[in-house]
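Enquirer: got a predicted structure here, sequence first:
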Amino acid sequence: MSGLQLMIPPFVACMVLVAMLSYLGLHVIAREVIFVDLSLAQMAALGGLSALLIHVEADSTWAYIFALFATAVGALLFALTRTSPKEGRRVPQEAFIGIVYVVASAGAVLVANKVPGGGEAIEKTLTGSILWVTFKPTIVKLAAAYVALGLFHYFFRHRFLTISFHPEEAERLGWKIKWWDFLFYLSFGVVITLAVPVAG
């Protein structure tokens, strides 16, 4: 097998990641929540490591469910801490995101210290495995999930784009912004939870 053939799966994985993350990046910039991806990734890592406390395998479905649950908690926190333009911003949302990141990071280190193999799990989370990915099951699973999430964002694009780029308009229309924020951050968290084992 040539070097070029070895690099095809990592290249395809990068393209799949870029396709979804670049779109979500536009929302992140418009919402001015630049570090939300790091915070959600840290919540996912804390959730995955917490599964090890009850002797769940690190790469199992249950560990992934724990990671998704922790990500959902982070999404809920971020949705609830968003302030409307009318309320003004006494504390920027990025400050809450930073607090969640620090608490989740500290929690992950504490949990990793308590479980066998915790250090290796943190190292694996930080480094990813993009050079060693294969089409089946990793890239296929990642692409299928991102297509589903992409369709979700496509069907609700008007809501997501308006809330990200024109929040005053969404408020004027009486939309439940916190609910839509929760859905946005939850879908973003799923994207991040799937991306972290691959890309770190």
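Expert: Yes, it's here.

Enquirer: I would like the residues contacting the helix or strand bottoming out on mean pLDDT in the chain, please.
Expert: Least confident helix or strand of the chain, by mean pLDDT, DSSP states H and E, is helix 118-127 with a mean of 74. When contacts are defined by C-beta atoms under 8 Å, 6 or more residues apart in numbering, helix 118-127 is touched by residues 45, 48-49, 52, 58, 108-109, 111-112, 115, 196-197, 200. (Glycine included, C-beta is placed from N, CA and C.)

Enquirer: tell me which residues in it are buried?
Expert: For helix 118-127, a neighbour-count test (16 or more other C-beta atoms under 10 Å) marks Gly118, Ala121, Ile122, Lys124, Thr125 as buried.

Enquirer: biggest helix in the chain, by residue count?
Expert: helix 3-31 (DSSP state H).

Enquirer: and the helix or strand just after it, average pLDDT?
Expert: Remark: after helix 3-31, the chain's next helix or strand is helix 36-53, criterion DSSP states H and E. Helix 36-53 carries an average pLDDT of 90.

Enquirer: next, the angle from helix 36-53 to helix 118-127.
Expert: Between helix 36-53 and helix 118-127, the angle comes out at 150 degrees (axes from the mean of the first three to the mean of the last three C-alpha atoms, to 10 degrees).

Enquirer: who does helix 36-53 touch, helix- and strand-wise?
Expert: helix 61-80, helix 93-114, helix 118-127, helix 177-199 (3 or more C-beta pairs under 8 Å, 6 or more residues apart in numbering; DSSP states H and E).
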